[in-house]
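Asker: Using only what follows, build the 3D model:
(4 chains)
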Number of protein chains: 2
Amino acid sequence: MKSKATSFDIADRAGVSQATVSRALRGSLQVSEETRRRVQAAADELNYKVDKNASNLRKRHSGTLALLFFEDPTADESHINPFFLSMLGSITRACAKHGYDLLISFQQFSRDWHADFADSKKADGIILLGYGDYLAYCDKLGKLLAQETRFVRWGAVLPDQLDISIGCDNFHGGRVVAEHLLDQGCRQIAFLGDASSHYPEFFERYRGYAAALEQAGLALESSLQVNAESTERSGYEAMQTLLRRHIEFDAVFAASDLIAIGALHALNEHGLRVPQDVALVGFDDIPMASFVNPPLTTVVQDTKQAGEMLVTNLLRLIRNEPAQSAILPVKLVVRRSSLRKP
Amino acid sequence: MKSKATSFDIADRAGVSQATVSRALRGSLQVSEETRRRVQAAADELNYKVDKNASNLRKRHSGTLALLFFEDPTADESHINPFFLSMLGSITRACAKHGYDLLISFQQFSRDWHADFADSKKADGIILLGYGDYLAYCDKLGKLLAQETRFVRWGAVLPDQLDISIGCDNFHGGRVVAEHLLDQGCRQIAFLGDASSHYPEFFERYRGYAAALEQAGLALESSLQVNAESTERSGYEAMQTLLRRHIEFDAVFAASDLIAIGALHALNEHGLRVPQDVALVGFDDIPMASFVNPPLTTVVQDTKQAGEMLVTNLLRLIRNEPAQSAILPVKLVVRRSSLRKP
DNA sequence: CTGAAAGCGCTTACAG
DNA sequence: CTGAAAGCGCTTACAG
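Answerer: Residues are numbered from 1 along each chain as shown, chains lettered A, B, ... in the order given. Predicted coordinates:
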């Protein structure tokens, strides 16, 4: 097995210096068209590819981005939240579009993940994705910032944050869900999902919901809220908890589709029909949402745009250009699970 | 912004040579415990991380694997086949477990994807994943082999192939599905999915199905087979095609869950009930399978093991150790969609 | 437009 | 156990 050709081999074959090979192959305008062609031909014949390790070392950047995907250590290993999967797809595409490679890695929240890819120069910057306790997370974010690691984050966009993050309009999303439910005649709307600053995205959805209720002149019943994280199991359990309270409710707003699907199972088991007895709405519009029975009303986030924004903002950070957090619009998708009027 | 520390900075601070820093940090046994500790301390203080580009260049391998994900150019951009998503998760985890990073990239079948990551030394080897026309693909596989690129593939394991691939027992899977359906009293079992050597995995499932029918003394009706690729839309259309033929059938075996779900919609629209009028079975056990109504009987492939096998075999190839194609067992999961007996 | 040379930050024989 | 030195394969001033 002959070892791979280097730029010197190409130089020999094309009868030029190694420096010229390097220039020609990167399309430098300094090199004559004739030379460029000869070099290219030699490179093709020898099946030459630039060694990225060497060129990255010299150029001092890697042309790759790292995607750190956080997951709860308790989560079922085999199932990643489908919403993030969709983000992953759009991020991958956005990277490709901008000529960057993407390194992906699953991380546990608890581990020492900060300072890794970027510091070891495997990636020029990092995209942070995943649900998890924000307050626990914040500290590490600060360290990244202190080290001047370039990163962007998907999540809530809060007024006082120091990092760049892209998120959807969770407040507005929560509000339109509640308004829709009110419009359907519902008056006792339960909320399934964590509603604290530990999970700012859910909290914003909750606040939007609360705002709509208030505007409708309804009191916010704390007994109608049950904590849940974004898994089916958690949704199922939260629903059971709610049912055990023996409080009347005619609608459920689940902070995510996965929670909604879990809740749906619990409702079914309990003999309650959706939407006749209880209207149900989720958030995320994961593919499953339209397949459950009844199809689930939910809120779509534009993952394609989200991925693109994450990547372009990270690229700006890397180039020391101004970058900016952004809130993306959301849209309510009405399906059968929330329709109580004929 | 001070630039990042190098091994020379650590050497200064620890009062040793740069070579010793390198050794100490990689845990070489040559260096004394006392020195190692001092170096480590200095590295921690300066927040030092080895520059991977430099170390990879020197060591001549990258410690990363590339995952090339093939998708039909026609496919809906936003939705990746959930089955592959599950594979992606297990591959990512397997890489992490073996201390490798994972680069991911979506590729179109048509593009010039062969010879890329591995040749540019960004990855030591490649994992190939995705559905697509095998015959079109084969040619490029040959080129990879010729260049001595290390790669493994998820897909059918065929007797005469030259590359290493890992796949599930498609033939057996097809057979157990058909046997189950026969056992439910079905006699006219349609097959939705491509049944040619262009899509060897589907073809194997078809052959398993055919074998079961034959064993039951039933003739193979070609009019009961309709081509489909692994998308909902394609399944929906294939079902419509079948319905337009006005042939009697009492069961449908869809070559994938996505096809089955599309078929289910078409059946519903046509006023046919599953499983009462038509029993339905899919393949893959994607998360959605248990959420459709009725829940879908299907065949599970062990994606966790699959990911692990892909990675370990690729690693063997990289280390010039013997690697071997493998067929993983499958299991039928019976849900309501195929139950015709009470 | 092209070449000779320096250097990116490591790892690893080679000496001692 | 440690150090001095070479070299991995590029890119990019610096000259001409």
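
Asker: For the rest of this, base every contact and every neighbour count on C-alpha atoms.
Answerer: Noted.

Asker: what is the mean pLDDT for whichever strand or helix holds A:Arg153?
Answerer: Assigned by DSSP states H and E, A:Arg153 belongs to strand A:151-154. Strand A:151-154 shows a mean pLDDT of 93.

Asker: repeat for stretch A:95-113
Answerer: Rounded mean pLDDT across stretch A:95-113 is 78.

Asker: what's the answer for stretch A:36-50, then?
Answerer: 87.

Asker: quick one: it near DNA strand D?
Answerer: Yes: applying C-alpha under 7 Å from any atom of the strand, one finds stretch A:36-50 in contact with DNA strand D at A:49-50.

Asker: Now do that stretch: distance to the chain's middle.
Answerer: 40 Å (C-alpha atoms, centre = their mean, to the nearest Å).

Asker: in it, what's buried?
Answerer: By 16 or more other C-alpha atoms under 10 Å in any protein chain shown, the buried positions in stretch A:36-50 come out as A:36, A:38-40, A:42-43, A:48-50.

Asker: same question, stretch A:87-99
Answerer: Neighbour-count burial for stretch A:87-99 [16+ other C-alpha under 10 Å]: A:87-96.

Asker: Please apply the same query to stretch A:325-336.
Answerer: Buried-residue list, stretch A:325-336, by 16+ other C-alpha under 10 Å: A:325-326, A:328, A:330-336.

Asker: same question, stretch A:241-258
Answerer: A:242-243, A:249-258.

Asker: would you list those residues in JSON lines and tack on distance to B:Arg187?
Answerer: Output for the buried residues of stretch A:241-258, formatted as JSON lines (distance: C-alpha to C-alpha, whole Å):
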{"residue": "A:Leu242", "distance to B:Arg187": "47"}
{"residue": "A:Leu243", "distance to B:Arg187": "45"}
{"residue": "A:Phe249", "distance to B:Arg187": "48"}
{"residue": "A:Asp250", "distance to B:Arg187": "46"}
{"residue": "A:Ala251", "distance to B:Arg187": "45"}
{"residue": "A:Val252", "distance to B:Arg187": "45"}
{"residue": "A:Phe253", "distance to B:Arg187": "45"}
{"residue": "A:Ala254", "distance to B:Arg187": "44"}
{"residue": "A:Ala255", "distance to B:Arg187": "46"}
{"residue": "A:Ser256", "distance to B:Arg187": "43"}
{"residue": "A:Asp257", "distance to B:Arg187": "39"}
{"residue": "A:Leu258", "distance to B:Arg187": "38"}
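
Asker: From these, pick the one nearest chain B.
Answerer: Distance to chain B, by C-alpha to the nearest C-alpha, is smallest for A:Leu258 among the buried residues of stretch A:241-258, at 11.4 Å.

Asker: ok so, going back, show me what the strand holding A:Arg153 is packed up against.
Answerer: strand A:125-129, strand A:164-168, helix A:303-318 (3 or more C-alpha pairs under 8 Å, 6 or more residues apart in numbering or on different chains; DSSP states H and E).

Asker: 6 Å - rerun?
Answerer: strand A:125-129, strand A:164-168 (3 or more C-alpha pairs under 6 Å, 6 or more residues apart in numbering or on different chains; DSSP states H and E).

Asker: Give me the contact status of the first one with chain B.
Answerer: So that's strand A:125-129. No: Strand A:125-129 lies out of reach of chain B by C-alpha under 6 Å from any C-alpha of the partner chain, never closer than 13.6 Å.

Asker: re earlier: mind checking which of the buried residues of stretch A:325-336 land in helices?
Answerer: In helices, judged by DSSP state H, none of the buried residues of stretch A:325-336 are found.

Asker: Tell me which entries of these lie within strands.
Answerer: Counting by DSSP state E, the buried residues of stretch A:325-336 place A:326, A:328, A:330-333 in strands.

Asker: A:Gln107: what secondary structure?
Answerer: Classification of A:Gln107 by DSSP: H, G, I helix; E, B strand; the rest coil places it in strand.

Asker: Break chain A into its domains for me.
Answerer: Residue ranges for the structural domains of chain A, counted by automatic domain parsing, are given in the record as A:7-50, A:64-168+A:302-328, A:170-301+A:332-338.

Asker: and the second one, how far apart are its ends?
Answerer: Taking C-alpha to C-alpha, to the nearest Å, the first and last residues of domain A:64-168+A:302-328 lie 25 Å apart.

Asker: can that domain be found next to DNA strand D?
Answerer: No: with C-alpha under 7 Å from any atom of the strand as the criterion, DNA strand D is not reached by domain A:64-168+A:302-328; the gap is at least 13.8 Å.

Asker: ok, back up a step: contacts with DNA strand C among the buried residues of stretch A:36-50, please.
Answerer: Contacts with DNA strand C within the buried residues of stretch A:36-50, as defined by C-alpha under 7 Å from any atom of the strand: A:Arg36.

Asker: Mind putting the buried residues of stretch A:36-50 into JSON lines with distance to A:Arg316?
Answerer: Shown next, in JSON lines, are the buried residues of stretch A:36-50 (distance: C-alpha to C-alpha, whole Å):
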{"residue": "A:Arg36", "distance to A:Arg316": "32"}
{"residue": "A:Arg38", "distance to A:Arg316": "36"}
{"residue": "A:Val39", "distance to A:Arg316": "34"}
{"residue": "A:Gln40", "distance to A:Arg316": "32"}
{"residue": "A:Ala42", "distance to A:Arg316": "36"}
{"residue": "A:Ala43", "distance to A:Arg316": "33"}
{"residue": "A:Tyr48", "distance to A:Arg316": "32"}
{"residue": "A:Lys49", "distance to A:Arg316": "28"}
{"residue": "A:Val50", "distance to A:Arg316": "26"}
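
Asker: ok, so of the buried residues of stretch A:36-50, who is nearest A:Asn293?
Answerer: A:Lys49 (52.6 Å; C-alpha to C-alpha).

Asker: pLDDT of stretch A:224-240, averaged?
Answerer: 93.

Asker: With stretch A:312-322 instead?
Answerer: Rounded mean pLDDT across stretch A:312-322 is 92.

Asker: Does that stretch reach chain B?
Answerer: No: counting by C-alpha under 6 Å from any C-alpha, no contacts exist between stretch A:312-322 and chain B, the nearest distance being 12.0 Å.
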